[in-house]
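# 3D, please:
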Amino acid sequence: MRRVIRTSDAPLPRGAYSQAIVADGWVFVAGQIPVSPRTNELELGDIRSEARLTFKNLQGVLEAAGSSLREVVRVGVFLADLSDFAAMNKVFKEFFPEDPPARTTVAALLPKIKIEMVLADSRVEEVVETILKAARTGQIGDGKIFLSRVDDAIRIRNEERGEAAL
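Numbering: from 1, shown residues only. Sure thing, here's the model as predicted:
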C-alpha cells in the first residue's frame, strides 16, 4: 500500500514529487531545503537558521505521515560548504538529542543545506522477521534474501496470519 503525504507544515513541492510517501512501513521523505512553509520562499541566512528551518520542515512532513524524528533511521545531509559542518552538527543535535540516526554528510552545489531521511515504523521489524523465516525455511530462494522478495515475505506473513493480500 502506498500513501502520498501532503501538509501545509512544509513547503509545497517545487517539482513533480510528493513531500513524502508512506509504503510498507517506511516513510520516504523528499529532500528539503530552507523554504518557509508560510511563503514558499527560500529563506537564506546562516547555516544554523537554514538547518533549523529545514529540520522543522522535515518534522512537519513526518508528523503529517503519523511519525516523528524519533523514528528516523538514516539522514543524508548535503552541505554547500563543508566548513559549515560544525554549526550544522549543533543544530542536528537539537533535533536528535539522544540516539541519533545514521548519517552521511557530503559537500554539494546547493543552497547551504539539503537534508534527506528514511525512517521506519514498527511494521518493518515484522517484515524483516518474516523475510528471515522465509529464507531459513527455503520459501524464498536458497536462504538468500533479496529486496525484490519483500513482496513474497509480506504475502507469506499474511498467509500465515490468514489475512488477505495487500
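
# Kindly report the domain assignment for the protein.
Following automatic domain parsing, the chain resolves into domains at 2-120, 123-161.

# List the buried residues for stretch 61-71?
Along stretch 61-71, these residues count as buried under the neighbour rule (16 or more other Cβ atoms under 10 Å): 61-62, 64-65, 67, 69, 71. Every C-beta, even on glycine, is put in place using the N, C-alpha and C of the backbone.

# Give the closest residue to residue 88 in space, chain neighbours not counted.
Excluding the flanking residues, the one nearest residue 88 by Cβ to Cβ, 6 or more residues apart in numbering is residue 51, at 5.0 Å.

# Let me know the secondary structure of that neighbour.
Secondary structure, DSSP: H, G, I helix; E, B strand; the rest coil: residue 51 is helix.

# so how many other residues sit close to it?
26 (other Cβ atoms under 10 Å).

# mean pLDDT lowest for which of the domains of the chain?
Among the domains of the chain, domain 123-161 carries the lowest mean pLDDT, a mean of 56.

# What segments of this protein are strands?
2-5, 20-23, 26-32, 72-79, 102-107, 113-120 (DSSP state E).

# Tell me if I'm right that residue 68 and residue 62 touch.
Yes. Under the criterion of Cβ atoms under 8 Å, residue 68 makes contact with residue 62 at 5.6 Å.

# Now do the contacts for residue 43.
34-36, 49-50, 53 (Cβ atoms under 8 Å, 6 or more residues apart in numbering).

# which among those residues gets closest to residue 42?
Checking the contacts of residue 43 against residue 42 with Cβ to Cβ, the nearest one is residue 35 at 5.4 Å.

# Surely the closest one is in contact with residue 42?
Yes. The pair formed by residue 35 and residue 42 meets the contact definition of Cβ under 8 Å, at 5.4 Å.

# and the closest residue to residue 28 other than its chain neighbours, what are its bridge partners?
Spatial nearest neighbour of residue 28, excluding adjacent residues (Cβ to Cβ, 6+ apart): residue 21 at 4.8 Å. Residue 21 forms beta bridges with residue 4, residue 28, as assigned by DSSP bridges.
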